[in-house]
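S.K.: Give me the fold of what follows.
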Amino acid sequence: MKSLNNKVAVVTGAGSGIGRAIAIELAQHGCVLALSDINEIALQETKQLILDAKSNTTTHLQTLDVANKQAVFEYARNVNADLGCVDLIINNAGVALSSGVDETKREDFEWLMNINFWGVINGCEAFLPYLKQSQDAHIVNISSVFGMIAIPRQSCYNAAKFAVRGYTEALRQEMGMKYPHISVSCVHPGGIATDIARNARVSEGEDISELTASFDKLAQTTPQKAAKIIVAGIKKNKSRVMVGWDAHVIHALYRLLGIHYIGLTQWLAKRLNYQ
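M.R.: Okay, the predicted model is just below:
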């Protein structure tokens, strides 16, 4: 997909953060947009930002819970009916949970998995029939650097993002064999300056303000920069897109250390009292 002009692009979680920045970036490349988010007000704000950027792109908006399979399939039918086709889907919607394994409530674990993992599956399954009809299509699933390595207190998030990575890499191979016009990319952002930590669920007794402060120190890449990297990765048909210098460092450390990275992350967690 070397040109995005006039391509119909679907972005979930477009009301804030990376999703909002991707929507604005795609508008500047001439895409026709189908944007969804669980927060209707935030979604309208994204549309206004696109208009403020003097983009005259067509923008289809719909409030959507990606964890609701039936709603996602209905959404896919609506987008295809209203816009005539679908060429690109970016499964971006996601949430965070900070909790030790022995402290995690099952309902919180299921809440995160239903959005971060099943939300991706729902998006792929619902839109794949329409992507097959496109002559030049692309699927982008957002994983994380925590889909490359695991760290303490992120077992739920790690589980979801590792699962997204495995699913996406298998999907790319299958599409390459059966539907070569459909490309697939897995995106691994590092620390991106979004509100995901502020909106995270935490275990009882954990201070959300401390978690947010720590995240803000580490999140050095802006959503706008992340969006440019992701869109460039789409145009280059990259199978794996690393976002941010920290993502490249973590990727390199994992390749260098293999499973022995666990000793390093455990040592760092103790030093930072993140346990």
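
S.K.: thought Ile151 was touching Leu264?
M.R.: No. Applying CB atoms under 8 Å, one finds Ile151 not in contact with Leu264, separated by 10.2 Å. Every C-beta, even on glycine, is put in place using the N, C-alpha and C of the backbone.

S.K.: Name the residue in these two with the higher neighbour count.
M.R.: Ile151 (17 against 12; other CB atoms under 10 Å).

S.K.: wait, is the more buried one part of a helix?
M.R.: No. Checked against DSSP: H, G, I helix; E, B strand; the rest coil, Ile151 lies outside a helix; its state is coil.

S.K.: per-residue pLDDT, it?
M.R.: In this model, Ile151 is scored at 91, pLDDT.

S.K.: what are the phi and psi values for it?
M.R.: Backbone torsions for Ile151, taken as degrees, to the nearest 10, come to phi -140, psi 160.

S.K.: Nearest residue to it in space, please, no chain neighbours.
M.R.: Nearest in space to Ile151, with sequence neighbours left out and distances taken as CB to CB, 6 or more residues apart in numbering, is Thr265 at 5.1 Å.

S.K.: what do you get for Gln224?
M.R.: Going by CB to CB, 6+ apart, Gln224 has Ala21 as its nearest residue, at 5.0 Å.

S.K.: do Glu204 as well
M.R.: Nearest non-adjacent residue to Glu204, counting by CB to CB, 6+ apart: Glu103, 7.1 Å away.

S.K.: And Thr59, by the same measure?
M.R.: Excluding the flanking residues, the one nearest Thr59 by CB to CB, 6+ apart is Leu33, at 4.8 Å.

S.K.: contacting residues around the one you found?
M.R.: By CB atoms under 8 Å, 6 or more residues apart in numbering, Leu33 lies in contact with 8-9, 11, 23, 26-27, 50, 57-60.

S.K.: where along the stretch 101-250 of the chain do the helices fall?
M.R.: 106-116, 118-131, 155-178, 208-218, 223-235, 245-257 (DSSP state H, counting those that start in this stretch).

S.K.: Out of those, indicate the one that is most buried.
M.R.: Of those, the one with the most neighbours on average (mean count of other CB atoms under 10 Å) is helix 118-131, at a mean of 22.

S.K.: Residues contacting it, please?
M.R.: Here helix 118-131 makes contact (CB under 8 Å, 6+ apart) with 10, 12, 66-69, 72-73, 75-76, 79-80, 85-87, 89, 91, 93-94, 137, 139, 141-142, 164, 167-168, 171, 179, 182.

S.K.: Much appreciated, bye for now.
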